[in-house]
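**Q** sequence and predicted model, in that order:
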Amino acid sequence: MKVLVTGGAGFIGSNFVIRAREQRPDWQLTVLDLMTYAANLSSLDRVVADIDIVKGSVTDADLVDELVAAHDVVVHFAADSHNDNSLDDPWPFIDTNIVGTYQLLQAVRRHDKRIHHISTDEVYGDLELDDPAKFTETTPVNPSSPYSASKASADLLVRAWVRSFGLRATVSNCSNNYGPRQHVEKFIPRQITGILEGVRPKLYGAGANVRDWIHVDDHNDAVITILEQGRLGETYLIGADGEMSNRDVVLLLLELMGKPADWFDLVPDRPGHDLRYAIDATKLRTETDWRPAHPDVRSGLADTIDWYQTNQDWWRTAKVVAETRYDRLGR
Ligand code: NAD
Ligand code: DAU
């Protein structure tokens, strides 16, 4: 199978390519990535001899058409992905996440290929902290930020192309990923690399917001499973029952990294900050044999800390850029 992986030099996409090389060695993989600030080509060092890499944008209709025609399946990770940046400058999110997805859908339709669209639980908005409810595939979309609104828009485009044009497509909406090769602007790597540099973790607001953490390999295993066992036209929620408040995540990182429990600062909150995400993955667990292999967030975080400690060359330059931007945003 020839698989076109958009955004394959980013966090989840690069882990997907590495995982797919290990688990499906017969797949031929091509990465299409614009190599924005969020990409790191060295993430693909282990597999670079076995894959093709094309630098370009999913918004480039001619390039997308040519690449889609030459592959069987598109796995579409490419996106501008960081909420704080979308609040600062929404346009790249509209362009890549909406227009880029449109270009892929049109090319997939023209050439009668298959696409799996990677999306996020954030399209459903947020839940109250004390609400026992979780998101399911039938929860109405209700996005809060420019990023999540752009992802919801892309999801709706996929659904429309399925219904109106019979496109062979699936969608997955996953909760917050953690693991190796995640950009240092994101919450967990920001705090780990900060602690390694002697900087106290920064919690937005009171640190009470809850995220539902999943190891990136569990997300990618679910994507491979959906490609092989998922029903065309369907949406699957991916989550591993990893709900934790941001404060509890920081306390765990401090404990694992040998720092006192009060060694953090509260900083101004993110505007429109979603309170809580939680995934009910019953549909995925019922229809497929996927099960998370890393349900223990504590041991997954310990491995992630080791990775950032060992791979400081990977993140040092990006750290300076990310913290300069955070200084400007006052967070
Ligand atoms: P990331 O920011 O680490 O990587 C995104 C990649 O897309 C980068 O390599 C970037 O260069 C590339 N890219 C950006 N614009 C592009 C364009 N116009 N054309 C081609 N490539 C482009 O993001 P991530 O965290 O790996 O997220 C990947 C996907 O998973 C996104 O669609 C995101 O919405 C979704 N997702 C992320 C999470 C999470 O916790 N990180 C959870 C659920 C879903
Ligand atoms: O839920 C899936 C989404 O998870 C993905 O769609 C997004 O691409 C991904 O970025 C992530 O979005 P979040 O906004 O939840 O992730 P982020 O890492 O930015 O923040 C996680 C939580 O931590 C959130 O409640 C904000 C908070 N936070 C973040 C940073 C960077 C802090 O308290 N301090 C920080 O320094």
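**A** Nice, I can see it. Ligands and ions are numbered 1, 2, ... in the order given.
**Q** so what's residue 221 up against?
**A** Counting by Cβ atoms under 8 Å, 6 or more residues apart in numbering, residue 221 touches 19, 23, 290, 292-293. Where you see a C-beta, it was placed from the backbone N, CA and C, and this is true even at glycine.
**Q** equivalent analysis for residue 78, please.
**A** 6-7, 10, 13, 32-34, 58, 96, 100.
**Q** name the helices or strands packed onto the longest helix seen in the chain?
**A** Secondary structure of the chain per DSSP state H: the longest helix is helix 146-165. Judged by 3 or more Cβ pairs under 8 Å, 6 or more residues apart in numbering; DSSP states H and E, helix 146-165 is in contact with helix 83-88, helix 101-110, strand 114-120, strand 168-174.
**Q** these: which one's closest to residue 250?
**A** Among the helices and strands packed on helix 146-165, the nearest to residue 250 by Cβ to Cβ is helix 83-88 (17.3 Å).
**Q** after that closest one, which helix or strand is next?
**A** With elements assigned by DSSP states H and E, the helix or strand that comes after helix 83-88 is helix 91-92.
**Q** what's the spacing between that next one and its chain's center?
**A** Centroid displacement of helix 91-92 relative to its chain, using Cα atoms, centre = their mean, to the nearest Å, is 18 Å.
**Q** for stretch 235-243, same thing?
**A** With Cα atoms, centre = their mean, you get 13 Å for stretch 235-243.
**Q** cool, stretch 126-140 as well?
**A** 20 Å.
**Q** re earlier: which ones, among the contacts of residue 78, also lie beside ligand 1?
**A** The residues of those that also fall near ligand 1, by Cβ under 6 Å from any ligand atom, are 6-7, 10, 13, 32-34, 58, 96, 100.
**Q** which among those count as buried?
**A** For the ones next to ligand 1 among the contacts of residue 78, a burial check counting by 16 or more other Cβ atoms under 10 Å picks out 6-7, 10, 13, 32-34, 58, 96, 100.
**Q** could those go into a markdown table alongside distance to ligand 2?
**A** Output for those, formatted as a markdown table (distance: Cβ to the nearest ligand atom, whole Å):
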| residue | distance to ligand 2 |
| --- | --- |
| 6 | 15 |
| 7 | 11 |
| 10 | 10 |
| 13 | 12 |
| 32 | 19 |
| 33 | 16 |
| 34 | 16 |
| 58 | 16 |
| 96 | 12 |
| 100 | 15 |
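**Q** which of those fall in helices?
**A** Among those, the ones falling in helices (DSSP H) are residue 13.
**Q** how about the buried ones among the ones next to ligand 1 among the contacts of residue 78 in CSV, adding pLDDT?
**A** Below are these laid out as CSV (pLDDT from 0 to 100):
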residue, pLDDT
6, 99
7, 99
10, 98
13, 99
32, 99
33, 99
34, 98
58, 99
96, 98
100, 99
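**Q** please identify which of the ones next to ligand 1 among the contacts of residue 78 is nearest to ligand 1.
**A** Proximity of the ones next to ligand 1 among the contacts of residue 78 to ligand 1 (Cβ to the nearest ligand atom) peaks at residue 10, which lies at 2.0 Å.
**Q** give the contact list for that closest one.
**A** Counting by Cβ under 8 Å, 6+ apart, residue 10 has contacts 33, 38-40, 43, 77-78, 81, 183.
**Q** got it, and residue 131?
**A** For residue 131, the contact set (Cβ under 8 Å, 6+ apart) comprises residue 276.
**Q** now residue 160: how far from residue 154?
**A** 11 Å (Cβ to Cβ, to the nearest Å).
**Q** these two: which has the busier surroundings?
**A** Shown here are residue 160 and residue 154; by other Cβ atoms under 10 Å, residue 154 has more neighbours (26 against 12).
**Q** per-residue pLDDT, that one?
**A** Note for residue 154: predicted pLDDT of 99.
**Q** also residue 81?
**A** Taking residue 81 on its own, its pLDDT is 98.
**Q** so what's it closest to, chain neighbours aside?
**A** residue 38 (6.6 Å; Cβ to Cβ, 6 or more residues apart in numbering).
**Q** over to residue 215?
**A** In space, not counting the residues next to it along the chain, residue 215 is nearest to residue 294; the distance is 3.7 Å by Cβ to Cβ, 6+ apart.
**Q** please list all residues in contact with that neighbour.
**A** Contacts of residue 294 by Cβ under 8 Å, 6+ apart are 215, 217-218, 240, 300.
**Q** ok, which pair from those residues is furthest apart?
**A** Spatially, the most separated pair among these is 217 and 240, at 10.6 Å (Cβ to Cβ).
**Q** the more surrounded of these two?
**A** A direct count of neighbours by other Cβ under 10 Å for residue 217 and residue 240 places residue 240 higher, at 24 against 21.
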